[in-house]
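Enquirer: Structure of the sequence below:
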Amino acid sequence: MPLFLNDEQTMLRDTAKEYVAEHAPVGHMRRLRDAKDATGFDRTLWKSFAEMGFTGILIPEADGGLGLGHVEAGVVLEEIGRNLTPSPFLTTAVAAVSALGGTAHAARWFPGILSGDTVAALAIDEGPKHRTDIALKAERAGNGFRLSGTKRFVTHGHVADLLIVAARTAGAAGEKDGVTLFAVEAGAAGLANDPQRLADSSFASRLTFDGVEVDADAVIGEVDGGWSGLTRLLAAGRTGASAEMLGVGGGAMDMTVAYLKERKQFGVPIGSFQALQHRAAHLYSEMEVARAATLKAQQLLDASDPGADAAVSVAKAMTGLATTLSVQEGIQMHGGIGMTDEYDIGFYMKRARVLAEMFGDTNFHTDQLARAAGY
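Expert: Numbers count the residues shown, from 1 in each chain. Modelled structure (predicted):
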């Protein structure tokens with residue numbers, strides 16, 4: 001598979017680039033933050049994404065979507081990242097759709113996602129760092145289940161219409177068998193929601209399930225067999241987060257290169273200094289390596305290739321390293337102005353930090369790769 005976009009994907013990229021830059025540039029995020037918006041994103045913009053067809057990229061044509069793949073979803077996510085656009089696209093149109101596809105829940109939730117009326121959140125993590133050691137209990141109760149435990153770092157959890165919850169119906173934390181996925185609707189009795197504003201001004205919730213009762217129809221897939229669905233959800237989320245990080249890193253790099261061309265010292269642009277040229281060239285090469293790794297992971301996921309999981313970890317690790325380098329170099333090469341809130345480069349660093357933690361950071365994925373290789 002060639003590591004470049006085909007003609008159709010390029011057309012989608014051009015459309016998404018123009019649309020997102022016009023309707024949701026960096027200033028859009030700044031306005032939401034300064035207005036102390038309690039939602040964390042613009043619902044009108046989310047509806048407009050639906051009107052453009054973006055929310056249906058991964059939804060099959062038989063269900064009313066576009067029936068495209070992770071490469072195309074990544075094209076949109078990269079532009080979302082480049083413009084720091086607050087949006088539930090990653091959690092809803094990518095991760096949640098990947099988990100619900102092919103199940104009875106598709107008919108229930110896909111229409112709302114397609115219309116931009118539904119927001120989904122992922123209740124997976126239970127500790128301060130991303131892990132898949134699921135301990136939240138789901139015990140049999142009547143014709144359904146009773147959920148008890150806590151989840152952390154649930155992005156958009158305070159405004160989500162749908163929560164996809166990973167719970168344990170058998171076995172012990174750390175085991176793959178005995179995990180079940182549930183579709184829990186917002187406002188369920190016994191569910192406490194504590195939203196917290198993150199470094200990038202987005203929101204993530206700590207959810208407490210105090211005997212939340214759901215019926216058997218809430219199960220996504222099979223009871224005790226949710227690991228495959230969870231793996232599919234995480235692969236989609238990790239690859240999508242990698243694509244968004246590419247956009248964040250690329251946006252920061254573009255801003256930095258432009259500044260190097262404009263800022264003058266001793267009567268000449270600072271971009272003419274060889275030391276800064278070397279650093280900019282190094283950054284560009286690292287971003288291109290991360291871009292290739294992400295596109296490869298997307299292509300393998302679309303092809304249902306057995307090597308996709310390893311490629312996804314490589315992509316998440318590489319984009320974490322490259323984007324961190326991009327925002328750090330951006331801050332440093334901007335000098336004092338880079339440390340001010342009035343200049344946008346700092347917002348790229350904050351968003352990069354949050355995305356780096358989502359679905360596992362660089363250390364998590366390098367460890368995954370090492371374990372898979374027998375180390």
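Enquirer: Show me where the stretch 251-375 of the chain has its strands.
Expert: 264-265, 268-269 (DSSP state E, counting those that start in this stretch).
Enquirer: which one of these lies closest to Asn143?
Expert: strand 268-269 (70.8 Å; C-beta to C-beta). For glycine as for every other residue, the C-beta is placed from the backbone atoms N, C-alpha and C.
Enquirer: hang on, the earlier thing: nearest to Ala95, out of the strands of the stretch 251-375 of the chain?
Expert: Here strand 268-269 is closest among the strands of the stretch 251-375 of the chain (C-beta to C-beta), at 42.8 Å.
Enquirer: my guess is Arg279 contacts Gln328, does it?
Expert: No. Arg279 is beyond contact range of Gln328, at 10.6 Å (criterion: C-beta atoms under 8 Å).
Enquirer: The closest residue to Pro195 other than its chain neighbours: how many residues sit nearby?
Expert: Closest residue to Pro195 apart from its sequence neighbours, by C-beta to C-beta, 6 or more residues apart in numbering: His158 at 3.7 Å. The local packing of His158 (other C-beta atoms under 10 Å) involves 19 other residues.
Enquirer: how near is His158 to Pro88?
Expert: 12 Å (C-beta to C-beta, to the nearest Å).
Enquirer: try Ala16
Expert: Ala16 is 16 Å from Pro88, by C-beta to C-beta.
Enquirer: for Thr323, same thing?
Expert: From Thr323 to Pro88 the distance is 21 Å (C-beta to C-beta).
Enquirer: With neighbour numbers in mind, choose between the two.
Expert: Neighbours per residue (other C-beta under 10 Å) separate Thr323 from Pro88, with Thr323 holding more: 33 against 27.
Enquirer: contacting residues around that one?
Expert: Going by C-beta atoms under 8 Å, 6 or more residues apart in numbering, Thr323 touches Met245, Leu246, Val248, Gly249, Ala252, Met287, Ala290, Ala352, Leu355, Ala356.
Enquirer: Pull out the buried residues from those.
Expert: For the contacts of Thr323, a burial check counting by 16 or more other C-beta atoms under 10 Å picks out Met245, Leu246, Val248, Gly249, Ala252, Met287, Ala290, Ala352, Leu355, Ala356.
Enquirer: need those residues in TSV with pLDDT, can you?
Expert: Rendered in TSV, the data for those read as follows (pLDDT from 0 to 100):
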residue	pLDDT
Met245	98
Leu246	98
Val248	98
Gly249	98
Ala252	97
Met287	98
Ala290	98
Ala352	97
Leu355	97
Ala356	97
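Enquirer: Just the residues you listed: which are in helices?
Expert: Using DSSP state H, the members of the buried ones among the contacts of Thr323 that fall in helices are Met245, Leu246, Val248, Gly249, Ala252, Met287, Ala290, Ala352, Leu355, Ala356.
Enquirer: Closest one to Ala120 out of those, please.
Expert: Leu355 (17.9 Å).
Enquirer: Setting aside sequence neighbours, what's the nearest residue to that closest one?
Expert: In this structure, Leu355 finds its nearest non-sequential neighbour in Met245, 4.9 Å apart by C-beta to C-beta, 6+ apart.
Enquirer: Look up how far Leu198 lies from that neighbour.
Expert: Met245 is 15 Å from Leu198, by C-beta to C-beta.
Enquirer: Could you do Thr362 as well?
Expert: With C-beta to C-beta as the criterion, Thr362 and Leu198 are 19 Å apart.
Enquirer: And for Leu122?
Expert: Counting by C-beta to C-beta, the gap from Leu122 to Leu198 is 15 Å.
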